[in-house]
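A.B. asks: quick check, what structure comes out for this input:
(4 chains)
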Amino acid sequence: MNGVKVLLFGAAADRAGVRQTELSVHSGVTLGELWPILVDRYPALVPMRDTLAFAVNGEYARMEDAVSPGDEVAVLPPVSGG
Amino acid sequence: MNGVKVLLFGAAADRAGVRQTELSVHSGVTLGELWPILVDRYPALVPMRDTLAFAVNGEYARMEDAVSPGDEVAVLPPVSGG
Amino acid sequence: MFRIVEESIDVGALVTGAFRPDCGAVATFVGTTRVDESSGASVEYLEYEAYRPMADRKLEEIGAEIRERWEVGHVSIVHRLGRVDPGEPSVVIVVASPRRGPAFEASRYAIERIKEIVPIWKREVWSDGYVWVGSQVGTRSRHEGRNTASLR
Amino acid sequence: MFRIVEESIDVGALVTGAFRPDCGAVATFVGTTRVDESSGASVEYLEYEAYRPMADRKLEEIGAEIRERWEVGHVSIVHRLGRVDPGEPSVVIVVASPRRGPAFEASRYAIERIKEIVPIWKREVWSDGYVWVGSQVGTRSRHEGRNTASLR
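C.D. replies: So this is what the prediction gives:
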């Protein structure tokens, strides 16, 4: 497959209205390049941008980190456990 | 009665060999004046002097505080609860 | 022992399970649902969700950080998911150490780190709507100074 | 609730008994008998005694000091007397507060104050004699840098 699985949590899932989606990407795309594709589909996420963190395959990642088809990307609002 | 009850605890009871005794005093004697009478009876207490605190009727007291017949004096080594 | 659970937490068993003859101090922190109140509304319960297994791994990382920084004989962290009613525990941290200083410091460190790095989220369900804590996203609009409405 | 007891302490009941809907944080400290070792000898158990009822009153005073200094919903302190075996609790402190900062600070304060003002004494019973902690009076003579022998 040439998609990445995108998981959304908490307020991000709430605003997007989905908890999971799949985006088609070419290999080597960065998280920063993935974001416009995601918000194109879920524009309600736009105002959350500055509060979000991201994980790739279960580890925190930066916007310049690359994503490959088959990866799992997670959209993480500010954590609030405890 | 014209005695004060003296209770000893922990290391003080250990060194004196008793947990309780009674000393005859005149009214208005201070704790500081009581001490020589006590160590006359239990000389093994002498080396502990600087480590001890005292209570009169269940509250911490200073050496200049007065003791009256009927009072309860407690000889308190450094506390080590917890 | 680091666990994320769906059911209620047996706090007593966790605490007594930390007692060891080589430790003289056991510090425990329990986070419980607090009924906040404002403008006539109140919190009815909290609801937690997690990104697993990342959240499980982050709890283990916190345990490893603690063992690097302090001399501890036992660390356990259990976090609950789903609905947690008022006065019920959502998180329990237990640290045993030979001495009390490290036990206190490590247990405090654990809860602060949980709130920083573990992908768990809580939703306050109020009598008049809900709020995702930290994001201020939700359905409450009438009361909060926290700008719940502006994001909707 | 402030108590001095002769029997073993039900730690789980004390902790869960502090959960309240108006508090979000419960900090607990448990002091347990630690098996210290030196020069081939080891601690076999601790033995505690108290000057009562002064000790009971001092525990209550510590509770009052805590309520003056911090916003707390619940404070309990239980201290055990007599023989306390390795890994067994001698003291349990539980503080519930709306927020975690005061809960941590108050529970730490409680144990420090107990060690300062509550007339309770502990004797370490070693495999080769005993020592009154703090006084260094006892029957151990061969090992300690603490001048056990010089006072005898």
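A.B. asks: how about the residue in chain C that chain D sits nearest to, what does it touch?
C.D. replies: Among residues of chain C, the one nearest chain D by C-beta to the nearest C-beta turns out to be C:Gly12. It sits 1.9 Å away. For the C-beta atoms, the positions are set from N, CA and C on the backbone; glycine is no exception. C:Gly12 sits next to D:Asp10, D:Val11, D:Gly12, D:Ala13, D:Val15, D:Thr16 when contact means C-beta atoms under 8 Å, 6 or more residues apart in numbering or on different chains.
A.B. asks: so which strand or helix has it?
C.D. replies: When elements are defined using DSSP states H and E, C:Gly12 is found to belong to helix C:11-16.
A.B. asks: per-residue confidence averaged over that helix?
C.D. replies: Computed over helix C:11-16, the mean pLDDT rounds to 98.
A.B. asks: after that helix, which helix or strand is next?
C.D. replies: From helix C:11-16 onward toward the C-terminus, using DSSP H and E, the following helix or strand is strand C:25-32.
A.B. asks: what's the angle from that next one to strand D:25-32?
C.D. replies: Here the directions of strand C:25-32 and strand D:25-32 differ by 160 degrees (axes from the mean of the first three to the mean of the last three C-alpha atoms, to 10 degrees).
A.B. asks: surely C:Val94 and C:Phe19 touch.
C.D. replies: No - taking contacts as C-beta atoms under 8 Å, C:Val94 lies outside contact range of C:Phe19: 9.8 Å.
A.B. asks: which neighbours do these two share?
C.D. replies: Here C:Val94 and C:Phe19 have C:Val26 as joint contacts, going by C-beta under 8 Å, 6+ apart.
A.B. asks: higher neighbour count, those two?
C.D. replies: When C:Val94 and C:Phe19 are compared on other C-beta atoms under 10 Å in any protein chain shown, the one with more neighbours turns out to be C:Val94, at 27 against 20.
A.B. asks: how much space between the more buried one and C:Glu71?
C.D. replies: Taking C-beta to C-beta, to the nearest Å as the criterion, C:Val94 is separated from C:Glu71 by 16 Å.
A.B. asks: and if you look at A:Leu38?
C.D. replies: Going from A:Leu38 to C:Glu71 by C-beta to C-beta gives 46 Å.
A.B. asks: then A:Ala11?
C.D. replies: Relative to C:Glu71, A:Ala11 is positioned 39 Å away (criterion: C-beta to C-beta).
A.B. asks: burial count for the closest residue to chain B within chain A?
C.D. replies: Per C-beta to the nearest C-beta, the residue of chain A with the smallest distance to chain B is A:Gly82, at 28.3 Å. Summarising burial for A:Gly82: neighbours were counted as other C-beta under 10 Å, giving 24.
A.B. asks: can you classify it as helix, strand or coil?
C.D. replies: Remark: A:Gly82 carries the secondary structure label coil [criterion: DSSP: H, G, I helix; E, B strand; the rest coil].
A.B. asks: ok, C:Arg52 next?
C.D. replies: Of the three states, C:Arg52 takes coil according to three-state DSSP.
A.B. asks: please enumerate the helices of the chain.
C.D. replies: Picked chain A for this. Across chain A, reading from the start of the chain, the helices by DSSP state H fall at A:10-16, A:31-41.
A.B. asks: ah, no, chain C please
C.D. replies: With helices called from DSSP H, chain C shows them at C:11-16, C:54-69, C:100-117, C:148-151.
A.B. asks: lowest average pLDDT across those?
C.D. replies: Set side by side, the helices of chain C give their lowest mean pLDDT on helix C:148-151, at a mean of 40.
A.B. asks: ok, back up a step: so which of A:Leu38 and C:Glu71 has more stuff around it?
C.D. replies: Taking neighbours as other C-beta under 10 Å, A:Leu38 and C:Glu71 compare with A:Leu38 leading, 21 against 13.
A.B. asks: wait, isn't C:Glu47 in contact with C:Val125?
C.D. replies: Yes - using C-beta under 8 Å, C:Glu47 is in contact with C:Val125, at 6.2 Å.
A.B. asks: next one: the residue of chain A closest to chain B from chain D, what distance?
C.D. replies: When distances are taken as C-beta to the nearest C-beta, to the nearest Å, A:Gly82 and chain D turn out to be 8 Å apart.
A.B. asks: so how far is B:Tyr42 from that residue?
C.D. replies: As defined by C-beta to C-beta, A:Gly82 lies at a distance of 56 Å from B:Tyr42.
A.B. asks: list the single closest residue to residue 58 in space, sequence neighbours excluded.
C.D. replies: All of this refers to chain A. In space, not counting the residues next to it along the chain, A:Gly58 is nearest to C:Met54; the distance is 4.2 Å by C-beta to C-beta, 6 or more residues apart in numbering or on different chains.
A.B. asks: the chain in question should be chain C.
C.D. replies: In space, C:Lys58 comes closest to C:Val118 once its chain neighbours are excluded; the distance is 4.3 Å by C-beta to C-beta, 6+ apart.
A.B. asks: and the one you found, what's its pLDDT?
C.D. replies: As predicted, C:Val118 sits at a pLDDT of 98.
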